[in-house]
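Chemist: This is a predicted model, with the sequence first.
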Amino acid sequence: MRKFLISAALISAAAIAVPASAQYQQQGRYDHGYGRAGQGIERQLDQIEDRIDRLRDRRLISNDEARRLMRHAEQIDRLHDRYRRNGLSQGEYQDLQNRIHNLRQRLQSERREGRDDRRDDRRDRW
């Protein structure tokens, strides 16, 4: 009887564990769409968009630069939506992270160039 109860308990535990693991991994795909990693991508894009808005409002980047950067962020967001329909693979997740990294670099570059342009304008006034 004891062997039967132990076997039944193990089978029950296995039956619960399989659907839970299938939720996170299906045929080599990972559920980063609504998991912590997918939310991390959404949060990163939201932070970048907020930063673009703040820099534009403080006139550290031009409206044209802000529109260009926002468009790039929206493209990444659309790609993220498309990737996560079936769950993100590790390669797709890494692709999104690389694109976000490149967008951050572009934002820094635009900000530096804008700052340099303003310095040149001030020099011309004197």
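Modeler: Good, I have the coordinates.
Chemist: Poorly predicted segments of the chain, please.
Modeler: For the chain, the stretches with pLDDT under 70 are 1-10, 12-38, 114-126.
Chemist: Please, where are all the strands along it?
Modeler: 25-26, 29-30 (DSSP state E).
Chemist: Please enumerate the helices of the chain.
Modeler: 2-24, 36-57, 63-84, 90-125 (DSSP state H).
Chemist: Quick check: buried residues in the third one?
Modeler: For helix 63-84, the buried set under the neighbour-count rule, 16 or more other Cβ atoms under 10 Å, comprises 65-66, 69, 72-73, 76-77, 80, 83-84. The way it works is simple: take the backbone N, C-alpha and C, and place the C-beta from them, glycine included.
Chemist: how about those residues in TSV, adding distance to D46?
Modeler: Formatted as TSV, these follow (distance: Cβ to Cβ, whole Å):
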residue	distance to D46
E65	19
A66	15
L69	14
H72	14
A73	9
I76	12
D77	9
H80	12
Y83	17
R84	16
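Chemist: What is the nearest of those residues to I100?
Modeler: I76 (6.4 Å; Cβ to Cβ).
Chemist: My guess is that closest one contacts Q44. True?
Modeler: No. Using Cβ atoms under 8 Å, I76 is not in contact with Q44; the gap is 9.2 Å.
Chemist: Which residues are in contact with each of those two?
Modeler: Both I76 and Q44 are contacted by I100, under the criterion Cβ atoms under 8 Å, 6 or more residues apart in numbering.
Chemist: Only alpha carbons, please: show stretch 82-93 as CSV.
Modeler: The C-alpha atoms that make up stretch 82-93 are tabulated as CSV, following Å, rounded to 0.1, in the frame of the first residue of the first chain:
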residue,chain,number,x,y,z
ARG,A,82,5.4,39.8,-33.7
TYR,A,83,8.1,37.7,-32.0
ARG,A,84,6.1,37.1,-28.8
ARG,A,85,3.0,35.8,-30.6
ASN,A,86,4.4,32.3,-30.3
GLY,A,87,6.9,33.0,-27.4
LEU,A,88,10.3,34.5,-27.9
SER,A,89,13.2,32.3,-28.8
GLN,A,90,16.5,33.1,-27.1
GLY,A,91,17.8,34.4,-30.5
GLU,A,92,14.8,36.7,-30.9
TYR,A,93,15.2,38.0,-27.4
